[in-house]
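Novice: Sequence plus predicted model, see below.
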Amino acid sequence: MLQPFEEPVSDLSGFLGKHIIYTYSNGWEYAMYYKNSDTVDYKVRSGSVGGRIVKGQKVSIRQLQTALPSQNVEASESEMSSYMISWVEPTGTSVVQVLNLNRREVHTVILFPDWVVKEPLKTVCFQNEHIDLMRRYRDQGPTYPIHPKIMLGRLHFIEHCTLDNKHVINPH
């Protein structure tokens with residue numbers, strides 16, 4: 001029987017405030033700003049929903065660490081630079097990312113509702129100005145079948161930003 005354990009405390013200090021641009025193997029490019037421990041801003045720069053911009057998306061972020069006690073083994077720097085981010089958008093789309101800053105990789109699972117796959121251009125906007133519309137589309141559906149997309153990407157830009165950086169994710 002597996003023994004209960006406490007989840008390790010996530011140290012997000014090496015991650016928060018990062019502006020990262022990455023491209024998936026299918027050519028979709030994203031710019032993300034990991035603003036704080038529960039908020040991201042992002043712009044889809046290319047792909048089926050290229051031009052979509054979201055500010056203030058609520059997320060959950062954890063530093064990836066082993067849950068099993070070690071025998072005095074220190075985690076490698078590569079392991080300590082891995083983070084998991086997850087969120088559910090007003091469109092009904094669910095996203096889970098695993099970023100490794102040292103290896104400059106992003107692994108992502110996106111669960112698209114059927115309506116987004118059938119009419120992706122409906123989501124191409126500055127979402128913050130159309131939240132009620134996105135929720136209405138989500139509620140009208142169809143939601144099912146859900147379309148999972150598993151993607152691997154390469155990070156090609158990483159910068160630490162401060163709140164006074166104006167260029168991070170600008171909707172206009």
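Specialist: Here it is on my side, so go on.
Novice: and stretch 104-112, what's its mean pLDDT?
Specialist: Averaging pLDDT along stretch 104-112 gives 97.
Novice: Sort out which residues of it are buried, please.
Specialist: Neighbour-count burial for stretch 104-112, with 16 or more other Cβ atoms under 10 Å as criterion, is recorded at Arg104, Val106, His107, Thr108, Ile110, Phe112. Bear in mind the C-beta positions are built from the backbone N, C-alpha and C, glycine included.
Novice: Residues touching the strand ranked longest in the chain, excluding its own?
Specialist: Secondary structure of the chain per DSSP state E: the longest strand is strand 147-160. Contact partners of strand 147-160, identified using Cβ atoms under 8 Å, 6 or more residues apart in numbering, comprise 17-26, 28, 30, 99, 101, 104-114, 116-117.
Novice: which residue ranges form the helices in the protein?
Specialist: 77-80, 114-118, 131-140 (DSSP state H).
Novice: returning to that earlier point: quick one: average pLDDT of the longest strand of the chain?
Specialist: 96.
Novice: what's the burial count for Asp38?
Specialist: Here the number of neighbours of Asp38 (other Cβ atoms under 10 Å) works out to 11.
Novice: For Pro4, see how far away it is.
Specialist: Counting by Cβ to Cβ, to the nearest Å, the gap from Asp38 to Pro4 is 26 Å.
Novice: now do His130
Specialist: 44 Å.
Novice: who has more neighbours, these two?
Specialist: Counted by other Cβ under 10 Å, His130 and Pro4 do not tie: His130 has more neighbours, with 15 against 5.
Novice: residues touching Ser94, list them.
Specialist: By Cβ under 8 Å, 6+ apart, the contact list for Ser94 reads Ser86, Trp87, Val88, Ile110, Leu111.
Novice: where are the low-confidence patches of the protein?
Specialist: 1, 66-80, 163-168, 171-172 (pLDDT under 70).
Novice: again, only this time at 50
Specialist: Applying pLDDT under 50 to the chain flags the ranges 72-73, 78.
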